[in-house]
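[1] Here is my input; please provide its structure:
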Amino acid sequence: MRNITWSVCVGLAAAMLVAAAPARASAQERAVDLGFGYSFLRIIPSEGDGTNLGAGWFASVGAQMGTLGIVGAVAGNYKTETVVGVDFTEKFHTFLAGPRVASRAGGPARVFGQLLVGATRVSISGGGQGESETDFTISPGAHVDIAVNRMLGIRVGGNLHIIRAKGDGSGHTWEKAFQAIAGIVVRPGQ
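    Numbers count the residues shown, from 1 in each chain. Take a look at the predicted model:
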């Protein structure tokens, strides 16, 4: 499974670079965008049942030159459950950056793919105790921006976080989490 995951990520990165290579951006094609909004996260563990973290947010900043761009993104997702009268809180934060390739299609919609890398910080606390860890993360994603006007748009999309988590003493494991986002995108200076 690990070899397939790496192969997919390397293939996506190569496709993004090849697609963007011929693009030379004019001044009109250069753009900065700020995105923010709601984030839903589904943790898909390698063993056992998954869990939903429905309370969440995301924020991103991107710079686009033609079809090729770069983006930085942060997000937080949270869940609190009460077990035998004790509240347990799970927090999931991602800090990611990397390349983005956007379509050149006309009209109000712009489709883009991105391949981000960075860190995921997971913490669980409850009953006066807490535990946390920070893990390497690869996150391919696909998004659509739909323009409302020149400066404002709506963003929807999804990311698959592939997380190199610390194991139970027998090494590392690769865990996954799917993130769905919906929010606003602002393009200052447009």
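
[2] check contacts around the closest residue to G126 other than its chain neighbours.
    Using CB to CB, 6 or more residues apart in numbering and skipping the chain neighbours, the partner closest in space to G126 is F88 (3.4 Å). Every residue, glycine included, has its C-beta placed from N, CA and C. When contacts are counted by CB atoms under 8 Å, 6 or more residues apart in numbering, F88 touches T80, E81, T82, I124, S125, G126, G127.

[3] Surely the last one is in contact with T89?
    Right, G127. No: the pair G127 / T89 is not scored as a contact, 10.7 Å apart, by CB atoms under 8 Å.

[4] what about the nearest residue to V86 once chain neighbours are set aside, distance to G85?
    Of all residues not flanking V86 in the chain, G127 sits nearest, at 4.6 Å (CB to CB, 6+ apart). Distance of G127 to G85, computed by CB to CB, to the nearest Å: 10 Å.

[5] So for these two, which residue has more residues nearby?
    More crowded of G127 and G85, by other CB atoms under 10 Å: G127, with 11 against 6.

[6] Could you report the distance from E133 to S123?
    As for E133, its distance to S123 is 8 Å (criterion: CB to CB).

[7] ranges for the strands of this protein?
    30-44, 51-53, 55-65, 68-83, 86-102, 109-126, 129-147, 152-166, 172-186 (DSSP state E).

[8] could I get those strands as TSV with mean pLDDT?
    As requested, these are exported to TSV (pLDDT from 0 to 100):
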stretch	mean pLDDT
strand 30-44	94
strand 51-53	92
strand 55-65	96
strand 68-83	95
strand 86-102	96
strand 109-126	95
strand 129-147	95
strand 152-166	95
strand 172-186	94
